[in-house]
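[1] My questions are about this predicted structure, shown below with the sequence.
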Amino acid sequence: MTATEALINAPEFTVTELSSALRRTVEDAYGHVRVRGEITGFRGAHASGHCYFALKDDGAKIEAVIWKGVHYRMRFKPQEGLEVIATGKLTTYPGSSKYQIVIEALEPAGVGALMALMEERKKKLAAEGLFDEARKQLLPWLPEVIGVVTSPTGAVIRDILHRLEDRFPRRVLIWPVRVQGEGSAEQVAAAIRGFNALPEGGRIPRPDLLIVARGGGSLEDLWSFNEEIVVRAAADSMIPLISAVGHETDVTLIDFAADKRAPTPTAAAEMAVPVRSELMVEVASLARRATLCWQRGQEMRRNELRAAARALPNLSELFAIPRQRLDGAAFALPRSLKANTHAHFRHFAGVSARLTMRVLRGQLAQARQRLTVSGERIALSTRSLLRNRSDRFNGLAIRLKASRLSNAQAQRQAIARDRERTLRLAERARRALATSTQRLSARVAHSGQLLSALSYRSVLARGFALVRNDAGHPLHASADVGPGARMSIEFADGRVGVTADGSDVMATPKPATPEQRPAAPKRAAKPVDQGNLF
């Protein structure tokens, strides 16, 4: 029977039967197991009270579930990112064709690797001051342009746009990025820096507010917003930034660096703009209050004016006395004008009587005499001033000449002193040079005598000879001389070339041992008194 015929004759299974068979196989093969892993995707208890999440390690991930009654009795509750040891029953879930572990007991095994990395990075960035409150900027009350950094295909951008449309429609610029997976962190950081790089008044308007948004997910899904490049870009942003990553329970490092954290993307839109209808109602209310205040103020001023008017005296009473004084002055005015005219006429007649030709000529003569006297006084003063200045200049010329002569005499004396000092120094230098030359000559002569005394030529003069080989090097032992070797023997009066004849060289006597050495003659005892040698 062929394999095809065997498959044709094999019994058929329904999907339910096959899923049930696989479930029984898994449960019978493993039963209760203990699994160590990191909790991921935990969002708290479901509305039904059950808990759904996953356990993962470096290589794999397994779905997990805790039933409502077991979760209620657990002393240690599961949390996102914790490394735990779970005890439970391995089974399958036919609805999605995947296996899972039904946890019955849970105990902690340490903080997960991702959570530990996140905490370490958080401490590092906090130490650099990226999370300080002093760096936070205030959000604009009503931004004209809002920049959104998120995925263009998710539900997040639609929620933000709908919320902005409901509250207060504003212009929105969307920078599409990947919010999960490889390269997403670099795209988010580039979007934040790109919005900040837009020029003021350019073709593309620069946003007044930024929103970095993403929907919920596991710690691995949100890890791009924990990357250092994203956190630093958010901290360096000069545009106020709202972080709206994940749901309310999700926490990422960009939340600490942003100027404001929103629990959800919809909440970020609510933080960005106020409610337009509420503003209109508030403005109308303020307008009504301002109108009422103005009316009340006008009424109060009107009442005050009426009270002041009642306290003032009657108009006719106020002007009665001034009117009476005016009538009296008007009655006395014609007589006063006539009397004043007569008085001025008499004064003019008296002045005109004094203005005769003789008086004018006398005044003119007096003025001419005063002018002549003043001219003579000015001439005398000028001559006196010139004479004083001339005397002063002559005195200064005499003093200048005397000063110049005395200065020249002083300079000649100084030159003479310097010449005498120079001659003394030259004489001292000559004597010092002669003394130094004598000392150096004596040292040279002494060194020549010492060189002659230590030279080997003095030894040659005493009858010794210096033997050199053919290369000119001195020979120190007979062993250095071979048969037929060319040598030169230097005497005190010249050199002689010789050749070794090859005869046996007399052996050099070995040095005697201490026992064989003759005893040194004892020194004769010196007499006590040797006398004077000189």
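    Nice, I can see it. Numbering: from 1, shown residues only.
[2] partners of the longest strand anywhere in the chain, with directions?
    The longest strand of the chain (DSSP state E) is strand 98-111. The pairing partners recorded for strand 98-111 under DSSP bridges are strand 61-66 (parallel), strand 82-93 (antiparallel).
[3] So which of the ones you listed is the most surrounded?
    Mean neighbours per residue, mean count of other C-beta atoms under 10 Å, is largest over the strands paired with strand 98-111 for strand 61-66, with a mean of 20. For every residue, glycine as well, the C-beta is placed using N, CA and C.
[4] ok so, going back, mean pLDDT for the strands paired with strand 98-111: which is lowest?
    Mean pLDDT per stretch puts strand 82-93 lowest among the strands paired with strand 98-111, at a mean of 86.
[5] what separates the helix or strand hosting residue 417 from the chain centre, distance-wise?
    Using DSSP states H and E, residue 417 sits within helix 357-454. Put simply, helix 357-454 sits 63 Å off its chain's centre (C-alpha atoms, centre = their mean, to the nearest Å).
[6] That helix - what's its average pLDDT?
    On average, helix 357-454 scores 91.
[7] same thing with stretch 134-145?
    92.
[8] buried sites along that stretch?
    By 16 or more other C-beta atoms under 10 Å, the buried positions in stretch 134-145 come out as 139, 143, 145.
[9] now the residues you listed in a markdown table, with distance to residue 364 and secondary structure?
    A markdown table is the format used below for these (distance: C-beta to C-beta, whole Å; DSSP: H, G, I helix; E, B strand; the rest coil):
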| residue | distance to residue 364 | secondary structure |
| --- | --- | --- |
| 139 | 95 | coil |
| 143 | 94 | coil |
| 145 | 94 | strand |
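[10] quick one: which of those is nearest residue 336?
    Among the buried residues of stretch 134-145, residue 143 lies closest to residue 336 (C-beta to C-beta), at 81.7 Å.
[11] give me phi/psi at the residue lying closest to that closest one once chain neighbours are set aside?
    Excluding its sequence neighbours, the residue lying closest to residue 143 (C-beta to C-beta, 6 or more residues apart in numbering) is residue 208, at 3.6 Å. Main-chain dihedrals, residue 208, degrees, to the nearest 10: phi -90, psi -10.
[12] so who does residue 208 touch?
    Residues in contact with residue 208 (C-beta atoms under 8 Å, 6 or more residues apart in numbering) are 140, 143, 144, 145, 146, 239, 240.
[13] which residues touch the helix or strand harbouring the fifth one?
    With secondary structure defined by DSSP H and E, residue 146 is part of strand 145-150. With C-beta under 8 Å, 6+ apart as the contact definition, strand 145-150 has outside contacts at 156-157, 160, 164, 170-177, 179, 188, 191-192, 195, 205-214, 239, 265, 272-273.
[14] Okay, and which of the residues you listed map to strands?
    Among those, the ones falling in strands (DSSP E) are 171, 172, 173, 174, 175, 176, 209, 210, 211, 212, 213, 214.
[15] Check the burial of the third one by counting its neighbours.
    So the one you mean is residue 173. Counted with other C-beta atoms under 10 Å, the neighbours of residue 173 add up to 16.
[16] and what of the last one?
    Residue crowding around residue 214 was assessed by other C-beta under 10 Å; the count is 27.
[17] What of the fifth one?
    Residue 175 is flanked by 19 other residues according to other C-beta under 10 Å.
[18] how much space is there between it and residue 183?
    15 Å (C-beta to C-beta, to the nearest Å).
[19] repeat for residue 433
    Taking C-beta to C-beta, one finds residue 433 at 90 Å from residue 183.
[20] For residue 53, give me phi and psi.
    phi -160, psi -160.
[21] wait, what's in contact with it?
    39, 40, 41, 42, 43, 63, 64, 78.
[22] so it bridges to which residues?
    Residues in a beta bridge with residue 53, per DSSP bridges, are residue 64.
[23] What residues of stretch 23-30 count as buried?
    Residues of stretch 23-30 classed as buried by neighbour count (16+ other C-beta under 10 Å): 23, 26.
[24] next one: stretch 465-483
    Of the residues in stretch 465-483, residue 466 count as buried by neighbour count, 16+ other C-beta under 10 Å.
[25] Which of the buried residues of stretch 134-145 lies at the shortest distance from residue 451?
    residue 139 (100.8 Å).
[26] Please verify my assumption that that closest one contacts residue 241.
    No - at 9.2 Å, residue 139 does not count as touching residue 241 under the criterion of C-beta atoms under 8 Å.
[27] Find residues that contact each of the two.
    With C-beta under 8 Å, 6+ apart, residue 139 and residue 241 have common neighbours 209, 259, 260.
[28] top of the residues you listed by neighbour count?
    Within these, most neighbours by other C-beta under 10 Å means residue 209, with 26 neighbours.
[29] how far away is that one from residue 140?
    In terms of C-beta to C-beta, residue 209 sits 6 Å off from residue 140.
[30] Which neighbours do the two have in common?
    With C-beta under 8 Å, 6+ apart, residue 209 and residue 140 have common neighbours residue 240.
[31] Touching, residue 43 and residue 216? I think so.
    Yes - between residue 43 and residue 216 there is a contact under C-beta under 8 Å: 7.4 Å.
[32] okay, and the common contacts of these two?
    residue 247.
[33] re the thing from before, which of the shared contacts of residue 139 and residue 241 sits closest to residue 423?
    Proximity of those to residue 423 (C-beta to C-beta) peaks at residue 259, which lies at 91.2 Å.
[34] Distance of the closest one relative to residue 192?
    12 Å.
[35] could you give the mean pLDDT of the strand or helix carrying residue 244?
    Assigned by DSSP H and E, residue 244 belongs to strand 241-245. Computed over strand 241-245, the mean pLDDT rounds to 95.
[36] Tell me the helices and strands packed up against it.
    Under the contact criterion of 3 or more C-beta pairs under 8 Å, 6 or more residues apart in numbering; DSSP states H and E, strand 241-245 touches strand 209-214, helix 253-257, strand 260-261, helix 265-272.
[37] Since that was my last question, I'll sign off now.
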